[in-house]
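>>> Give the three-dimensional model of this entry:
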Amino acid sequence: MKFIIPADVPLNMHQEFAKNMETITHGTGKLMLFAGDHKIEHLIKDFFGPHIDPEVKNPEHLFKIASRGNIGAFATHLGLISRYATTPAYKKINYIAKLNGKTNIIPTEKKDPVSSLLWDIDNVIELKKNSDINICGIGYTVYLGSMFESDMLQEAAQLVYNAHQHGLVAILWMYPRGKEVINDQDVQLIAGAAGVATSLGADFAKIIPPKANENQTSAQLLQIAKAIAGNTKIICSGGQATDPERFLKTVYEQLNIGNIDGTATGRNIYQNKLNDAIKMTKAISALVYENATYANALKILKK
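Numbers count the residues shown, from 1 in each chain. Got it, this is the predicted structure:
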C-alpha cells in the first residue's frame, strides 16, 4: 500500500478511506490536485483581465477542465461544488471540498489573516448522502504565524479527526502568513509548517516551495520539509501563472529532486483556454502519476 490508514479512521471506514486515497492518487500514493479555491481567496484577480481569456471568468471553466482533464482531484469550495456538480458529467469529478476561506481585500500588513470554517464535516456528509457527488476529502487553510493561528489550528485538528471518522482524506494548506512573518518562503518556516500538518494528523500538506539560497535550489530544500513531514505527504503550491515549459520543469524537479508527493496547480492550468488547460493537466499528471521525464511531459503539452 502506498499510504497509511491513520488510527483515527474507524475500522468500518478503512475501506472507504482506502478507496478515496486510491482514487485521488491513481493508486500511486501521489496527488495531482487541481486547485480551484481562488474565487473566494483572490476574488476576480485570477479570472478577469486584459491578459486572461474571457472564458476563464465563468466558474464552469473550472469544472470543464476538471471533468475532461487528467487530474487526481479538484479542490474547490463546497458551495461551488453544490452549484455546479448537479450536472451529470461534473458529478463524476473527484472532489476535495474546501471548507474555509477568506478574501484578499484586507492586506496582511493591516491585519493578521484568519480563515474560519464556512462549512463543517456534517455539511459534507449530508451533501454526499443526498447526491451522487464524489467528494473524496476535505481541505482547510492554516495561516501559521498569524495572531489567530491557535483558532485555525484547533479547527484544523478537529476537522482532520472528523474527516477521518467518515473515511475522508484530509488536506491542509499550511501557509506561514502574518505581520511577524518576514519571509513566507523561508525553508525553516516551510519545513516547520509541514511538521505542524503531520502533528494535526493531515494526510497531505500543501506548502509553498521554499526560496532557493546560495547553496541549494528550491527543490533540494524541499527534502527538508519532506523529512520533517514524516508519513504525511507533501504537495507544493503552483503559485502564479508562469511560462508553461518552465512550470513543468519546476514540477519535475520538485518531484524528482525534492522527493515530494505531488503538486497543487491552479492558475497555471485554468488561466489557459480549455484545450490548453486540459493538455496541461495531462502533462502534469504524467509527471506525478507516470514518473514521466520532463521531455515527455513537454511532448504531451505540445500535442
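
>>> could you pull out the strands for the protein?
Counting by DSSP state E, the segments of the chain that form strands are 31-35, 73-77, 95-98, 135-144, 169-176, 204-207, 233-237, 262-265.

>>> For the ones you listed, give me a markdown table that also has mean neighbour count and distance to Lys273.
Quick note: C-beta positions are derived from backbone N, CA and C, even for glycine. Conversion of those to a markdown table gives the following (neighbours: other CB atoms under 10 Å; distance: least, CB to CB, whole Å):
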| stretch | mean neighbour count | distance to Lys273 |
| --- | --- | --- |
| strand 31-35 | 28 | 16 |
| strand 73-77 | 26 | 18 |
| strand 95-98 | 28 | 24 |
| strand 135-144 | 25 | 27 |
| strand 169-176 | 28 | 27 |
| strand 204-207 | 29 | 26 |
| strand 233-237 | 25 | 23 |
| strand 262-265 | 26 | 16 |
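
>>> could you dump those strands to a markdown table with mean pLDDT and distance to Ala18?
Compiled in a markdown table, the strands of the chain are given as follows (pLDDT from 0 to 100; distance: least, CB to CB, whole Å):
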| stretch | mean pLDDT | distance to Ala18 |
| --- | --- | --- |
| strand 31-35 | 98 | 15 |
| strand 73-77 | 98 | 15 |
| strand 95-98 | 98 | 17 |
| strand 135-144 | 98 | 11 |
| strand 169-176 | 98 | 10 |
| strand 204-207 | 98 | 15 |
| strand 233-237 | 98 | 15 |
| strand 262-265 | 98 | 18 |
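
>>> Using TSV, please lay out those strands together with distance to Asn256.
Converted to TSV, the strands of the chain look like this (distance: least, CB to CB, whole Å):
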stretch	distance to Asn256
strand 31-35	15
strand 73-77	22
strand 95-98	25
strand 135-144	26
strand 169-176	22
strand 204-207	17
strand 233-237	13
strand 262-265	12
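
>>> Those strands: which one's closest to Lys45?
When those are ranked by distance to Lys45, counting by CB to CB, first place goes to strand 31-35 at 14.8 Å.

>>> Pull up the pairing partners for that closest one, direction included.
Based on DSSP bridges, the pairing partners of strand 31-35 within the sheet are strand 73-77 (parallel), strand 262-265 (parallel).

>>> Identify whichever of the strands of the chain lies nearest to Leu255.
For the strands of the chain, distance to Leu255 was read as CB to CB. The smallest value, 7.6 Å, belongs to strand 262-265.

>>> In contact with the residue most central in space within the chain: list those residues for me.
Closest to where the C-alpha atoms of the chain average out (CA atoms, centre = their mean) is Ala264, at 4.3 Å. Taking CB atoms under 8 Å, 6 or more residues apart in numbering as the contact definition, Ala264 lies against 31, 33, 35, 75, 206, 235-238.

>>> Return the member of the residues you listed nearest to Gly137.
Sorting the contacts of Ala264 by distance to Gly137 puts Ala75 at the head of the list, at 8.6 Å, by CB to CB.

>>> what pairs with the nearest residue to that closest one once chain neighbours are set aside across the strands?
Counting by CB to CB, 6 or more residues apart in numbering, the nearest residue to Ala75 once its immediate chain neighbours are dropped is Ile96, at 4.0 Å. With beta bridges defined as DSSP bridges, Ile96 has these partners: Ala75, Gly137.

>>> In this structure Ile96 contacts Gly137, no?
Yes: look at Ile96 against Gly137 with CB atoms under 8 Å: they come within range, at 4.8 Å.

>>> Between these two, which contacts overlap?
24, 73, 169, 171.

>>> Kindly state the beta-bridge partners for the last one.
Counting by DSSP bridges, Ile171 forms beta bridges with Gly139, Phe204.

>>> Number the chain from 59, please
Got it, the first residue is 59 from now on, which makes the last one we talked about Ile229.
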